[in-house]
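A.B. asks: Give me the fold of what follows.
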Amino acid sequence: MKLAEIASRLKCATVGDTEIEITGLAPIEAAQAGELTFISNRKYKRYLATTEASAIITDSPKDLPDGKSALISENPYLAFAEAMWVFHPPFQHPRTIHPSAVVAASAVIGKDVSIGAFAVIGDEVKLGDNVTILDHCSIYPGVEIGHGVLIHSHCVVRERCRIGARVILQNNTTIGSDGFGFAKTSEGGWFKIPQAGIVIIEDDVEIGAGSTIDRATIGATIIGQGTKLDNLVQVGHGSTVGKHTLLCAQVGLAGSTQVGNEVILSGQVGAAGHLKIGDRVIATAQTGIPSSVEAGKIISGYPAIENRDWLKASVVFAQLPHLQKEVRALKEEIQNLKALLEKENHTDASES
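C.D. replies: Residues are numbered from 1 along each chain as shown. Model (predicted):
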């Protein structure tokens with residue numbers, strides 16, 4: 001594909017020879033002739049002079065080596081991601097229902113739907129147009145799924161849950177499992193509280209492999225429009241996650257956590273539940289959040305504190321063994337001074 005055609009698809013301006021044939025994509029440090037690369041992180045700038053790529057996506061043409069062709073974009077990383085779809089379009093599943101699939105007679109199936117082998121579609125399920133449900137999935141009764149949804153193999157969507165348009169569920173995702181709700185009995189056991197609510201997944205959400213979103217006890221657990229969940233994320237019952245938020249791998253939200261819009265919870269962040277995390281909060285990896293967080297904060301550590309304070313505390317923590325030795329030496333010196341003063345006072349008293 002010629003560079004000019006790629007520029008047209010990505011809506012990028014061009015520099016240099018637009019008739020170059022581009023055969024693939026590669027990172028800047030490994031790109032070869034015929035490949036397109038990009039630079040968005042300045043620490044990779046050193047590769048500009050040595051890369052063998054035929055063209056570079058950049059936001060700064062003045063940094064280009066002489067004679068190098070380029071696509072100019074305000075967001076090179078996004079443009080490269082779009083180029084990935086040009087060169088690696090998604091696999092097109094056959095728009096058929098496999099003979100081994102079990103589809104309830106009361107299910108409403110839209111146009112151009114694909115249902116894979118051994119999938120089960122329950123009573124009164126509603127599937128929109130162009131929905132793809134792959135092998136060994138189970139869609140419980142009363143589920144509603146919007147158009148263009150892709151559900152990978154071995155996923156489960158439990159009864160009455162609602163999924164919006166263009167949602168992607170990666171393998172082994174479970175939507176609508178029972179929330180973790182039990183009441184302690186007088187005998188010391190645990191009485192299961194019925195989980196009568198549902199899960200609502202809004203449009204353009206992607207949920208990673210092995211993730212679980214619990215149904216609410218009453219009402220709904222909600223994942224907002226455009227939000228992305230990584231693998232192995234747990235969302236507790238009755239939680240609400242806002243729009244365009246990122247929950248990275250192994251994030252865990254206890255029940256009734258409210259997460260705002262455009263929040264980023266990095267890997268292994270945990271929230272204690274019954275708290276609110278404001279819009280645009282960023283929690284760095286392994287942060288523990290025991291209480292509500294104001295909008296716009298960057299937090300770290302456990303219990304979570306402002307990231308700047310945590311960075312300073314981390315430096316001090318590494319110095320603790322040395323500081324302990326210094327404190328011991330100071331205490332010993334103080335004790336020696338006290339003993340010397342007591343001796344001098346005793347001598348003065350004797351002389352008088």
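A.B. asks: elements contacting the longest helix seen in the chain?
C.D. replies: Across the chain, the longest stretch assigned as helix under DSSP state H is helix 307-351. Applying 3 or more Cβ pairs under 8 Å, 6 or more residues apart in numbering; DSSP states H and E, we find helix 307-351 packed against strand 298-300. In this view, the C-beta of every residue, glycine as well, is placed from N, C-alpha and C.
A.B. asks: What strands flank the strand it packs on, and is each parallel or antiparallel?
C.D. replies: Strand 298-300 pairs in its sheet with strand 282-283 (parallel), strand 305-306 (antiparallel), by DSSP bridges.
A.B. asks: Can you tell me which of these is packed in deepest?
C.D. replies: Burial of the strands paired with strand 298-300 is given as mean neighbour count (mean count of other Cβ atoms under 10 Å); strand 282-283 ranks first at a mean of 22.
A.B. asks: hmm, back to that, redo the strands paired with strand 298-300 as JSON lines? Include mean pLDDT and distance to D123.
C.D. replies: Converted to JSON lines, the strands paired with strand 298-300 look like this (pLDDT from 0 to 100; distance: least, Cβ to Cβ, whole Å):
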{"stretch": "strand 282-283", "mean pLDDT": "98", "distance to D123": "41"}
{"stretch": "strand 305-306", "mean pLDDT": "91", "distance to D123": "51"}
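A.B. asks: now the closest residue in space to I299 that isn't next to it in sequence, which residues is it bridged with?
C.D. replies: Distances taken as Cβ to Cβ, 6 or more residues apart in numbering put A283 closest to I299, at 5.2 Å, once the chain neighbours are dropped. Beta bridges link A283 to L265, I299 when assigned by DSSP bridges.
A.B. asks: I figured A283 hits S300, correct?
C.D. replies: Yes: counting by Cβ atoms under 8 Å, S300 is a contact partner of A283 at 7.3 Å.
A.B. asks: Run a quick neighbour tally on I168.
C.D. replies: By other Cβ atoms under 10 Å, the residues close to I168 number 17.
A.B. asks: For the nearest residue to it once chain neighbours are set aside, give me phi and psi.
C.D. replies: What sits nearest to I168 in space, not counting adjacent residues and going by Cβ to Cβ, 6+ apart, is E206, at 4.3 Å. The phi/psi pair for E206 (degrees, to the nearest 10) reads phi -120, psi 130.
A.B. asks: Repeat that for I139.
C.D. replies: Phi and psi for I139, reported as degrees, to the nearest 10, are phi -110, psi 110.
A.B. asks: which residues touch it?
C.D. replies: 119-122, 125, 133, 145, 151, 157 (Cβ atoms under 8 Å, 6 or more residues apart in numbering).
A.B. asks: Read off the pLDDT value for it.
C.D. replies: At I139, the model reports a pLDDT of 98.
A.B. asks: same deal with E351?
C.D. replies: With respect to pLDDT, E351 has a value of 67.
A.B. asks: now P321
C.D. replies: pLDDT, P321: 88.
A.B. asks: what number of residues lie near it?
C.D. replies: 9.
A.B. asks: Tell me how far it lies from R328.
C.D. replies: Taking Cβ to Cβ, to the nearest Å as the measure, P321 falls 11 Å from R328.
A.B. asks: With R46 instead?
C.D. replies: Separation of R46 from R328 (Cβ to Cβ) stands at 47 Å.
A.B. asks: Also G238?
C.D. replies: Applying Cβ to Cβ to G238 and R328 gives a distance of 51 Å.
A.B. asks: In terms of neighbours, single out the busier of those two.
C.D. replies: The neighbour count for G238 versus R328, taken as other Cβ under 10 Å, is higher for G238 (25 against 10).
A.B. asks: Just to check, the more buried one is in contact with L253?
C.D. replies: No: between G238 and L253 there is no contact under Cβ under 8 Å: 10.0 Å.
A.B. asks: residues in contact with A196?
C.D. replies: Counting by Cβ under 8 Å, 6+ apart, A196 has contacts 216-218.
A.B. asks: If we use 7 Å, what do you get?
C.D. replies: Contact analysis of A196 by Cβ atoms under 7 Å, 6 or more residues apart in numbering lists 217-218.
A.B. asks: cool, and A33?
C.D. replies: A33 touches 52, 54, counting by Cβ under 7 Å, 6+ apart.
A.B. asks: quick one: it is in a helix?
C.D. replies: No: A33: not assigned to a helix; according to DSSP: H, G, I helix; E, B strand; the rest coil it is coil.
A.B. asks: Quick check: it vs E52, distance?
C.D. replies: Using Cβ to Cβ, A33 is found at 5 Å from E52.
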